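1. Sequence and predicted structure are below.
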Amino acid sequence: MQIQHAFNRHAFGSQTQFLDWRAPDGWPMRTMRCLPEGQARGTVIFLNGRADFLEKYLESYGAFLDWGYAVASLDWRGQGLSGRLGDHPHKGHQTDFDVLVGDLAGWIADLTKDMPPPFYLVAHSMGGHIALRFLAEHAGVISHAVLLAPMLGIRTGGIPSPVTKRLARWMVGRGRSGEFAPTQRPYGARAASALRQSALTGDNERFADEIWWIEQNPALALGGVTYGWLDAAFRSLDRLAAPGYLQGVDAPVLILMPEHEQVVDPVAARHVAAHMPHCRLKVVPGGRHELLRDVDAVRNRTLAEIHAALMATEAEGRG
């Protein structure tokens, strides 16, 4: 497979459609879709991570289109241009991940009405977590899923995860759900720090793309998480760990974990892969958290794995 590098990371293609989609409860969501030249081989539904926005993955959309797939993506509720949930626009707030799963289910139901089948999920970090929840609760919709550094466990720094979980639950119970969690703060200089880049990507230019887009539209900026977000995330992780829950995943799943993962818990990903039917886990050598925004060697290896997964599913379908 040939990997092209000519996709413009600072502009959407002329065929891109932006749709102001409404979630089941009426919440406004920013979504996009794009068809390839010629007949589409299917649709790649791309799900980005916490604090991400559509613009960050333009280069990846271009790769999927180049392979002949239609592409659809969205800004999650509470981030990007889909409207914020906290009392400050920089607060990454949530109260229940069930709402995010419901948003995804409603949006995919609409996509299946007028986008070309079959449907594939490619999902990063928090998007991988929500994708897995969707797969467990909505069988028969997705032909194959590739989860990139999925958030299947949360790294909590120097505070043990069980302590952070109890603290978040306690603070929510005290009516302080909307406050920033410890060490969390509004978007600012730390977003451009060398420490943050070292956790996300080894590519200076791709890292700078995120900052460039926020400079063009400051409304895209999002800071740290609230106690409510943490509590909702831990409760959703408990849901994934419930006995028998992942047995509902009927689609084949490929988990790609970066060798140098620092944001999510790779041990949790291995545990999930070992207990889920039709799941494989591969480590991407040299990779950091944002595999599709890393240096070319890592990004190309990741794209090759995604492409091979899609091709294998196509071959099985023809058989």
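-> Received it, and whenever you're ready, just let me know what you need. Numbers count the residues shown, from 1 in each chain.

2. so how far is Gly157 from Leu292?
-> Going from Leu292 to Gly157 by Cβ to Cβ, to the nearest Å gives 25 Å. No exception for glycine: its C-beta is placed from N, CA and C like everyone else's.

3. Show me which of those two is the more surrounded one.
-> Each of Leu292 and Gly157 has its neighbours counted (other Cβ atoms under 10 Å); Leu292 has more, 24 against 9.

4. who touches that one in this structure?
-> By Cβ atoms under 8 Å, 6 or more residues apart in numbering, the contact set of Leu292 is 57, 59-60, 124, 148, 299, 302-303.

5. Which of these fall within strands?
-> 124, 148 (DSSP state E).

6. got a markdown table for the contacts of Leu292, with distance to Pro285, pLDDT and neighbour count too?
-> What follows is the contacts of Leu292, written out as a markdown table (distance: Cβ to Cβ, whole Å; pLDDT from 0 to 100; neighbours: other Cβ atoms under 10 Å):
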| residue | distance to Pro285 | pLDDT | neighbour count |
| --- | --- | --- | --- |
| Tyr57 | 22 | 96 | 25 |
| Glu59 | 21 | 95 | 19 |
| Ser60 | 20 | 96 | 26 |
| His124 | 18 | 98 | 28 |
| Leu148 | 15 | 98 | 29 |
| Arg299 | 12 | 98 | 24 |
| Thr302 | 11 | 98 | 26 |
| Leu303 | 14 | 98 | 22 |
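
7. Can you tell me which of the contacts of Leu292 comes closest to Arg50?
-> Checking the contacts of Leu292 against Arg50 with Cβ to Cβ, the nearest one is His124 at 9.6 Å.

8. Who are the contact partners of that closest one?
-> 47-49, 52, 57, 148-150, 290-292 are the contacts of His124 under Cβ under 8 Å, 6+ apart.

9. Next: Val249.
-> With Cβ under 8 Å, 6+ apart, Val249 has these contacts: 132, 135-136, 139, 276-279.

10. likewise Cys34?
-> Here Cys34 is in contact with 13, 15-17, 61, 65, 70-72 (criterion: Cβ under 8 Å, 6+ apart).

11. now those residues: which count as buried?
-> 16, 61, 65, 70-72 (16 or more other Cβ atoms under 10 Å).

12. Flag the least confident of those residues.
-> Across the buried ones among the contacts of Cys34, the bottom pLDDT score, 91, is held by Thr16.

13. from memory it sits against Met32, does it?
-> Yes. Between Thr16 and Met32 there is a contact under Cβ atoms under 8 Å: 5.7 Å.

14. now the helices for this structure?
-> Here the chain has its helices, by DSSP state H, at 58-66, 97-114, 126-137, 161-173, 194-200, 204-216, 227-241, 266-274, 296-318.

15. for the ones you listed, which one ends up most surrounded?
-> helix 126-137 (a mean of 24; mean count of other Cβ atoms under 10 Å).

16. hmm, who's touching that one?
-> Applying Cβ under 8 Å, 6+ apart, the external contacts of helix 126-137 come out as 46-50, 52, 76, 97, 100-101, 104-105, 108, 121, 123, 142, 145, 147-152, 233, 236-237, 239-240, 245-246, 248-251, 253, 255, 272.

17. In contact with the nearest residue to Lys165 once chain neighbours are set aside, which residues are there?
-> Take Lys165 and drop its neighbours on the chain: the residue closest to it by Cβ to Cβ, 6 or more residues apart in numbering is Phe234, 4.6 Å away. With contacts defined as Cβ under 8 Å, 6+ apart, Phe234 is in contact with 154, 164-165, 168-169.

18. Which single one of these is nearest to Trp213?
-> Ile154 (25.9 Å).

19. Just list the residues touching the closest one, thanks.
-> 161, 164, 230, 233-234, 237, 264-265.

20. Of the residues you listed, just say which sits nearest to Ala312.
-> When the contacts of Ile154 are compared against Ala312 (criterion: Cβ to Cβ), the nearest one is Val264, at 25.7 Å.

21. Got the phi and psi for the nearest residue to the closest one once chain neighbours are set aside?
-> Excluding its sequence neighbours, the residue lying closest to Val264 (Cβ to Cβ, 6+ apart) is Met151, at 4.8 Å. Per-residue torsions, Met151: phi -80, psi 90 (degrees, to the nearest 10).

22. Hmm, Met151 is touching Asn48, no?
-> No. Contact criterion Cβ under 8 Å: Met151 and Asn48 do not qualify, at 11.8 Å.

23. anything in contact with each of those two?
-> By Cβ under 8 Å, 6+ apart, the residues touching both Met151 and Asn48 are Ser125.

24. Out of the contacts of His124, the closest to Tyr187 would be?
-> Nearest to Tyr187 out of those is Asp52 (Cβ to Cβ; 13.0 Å).
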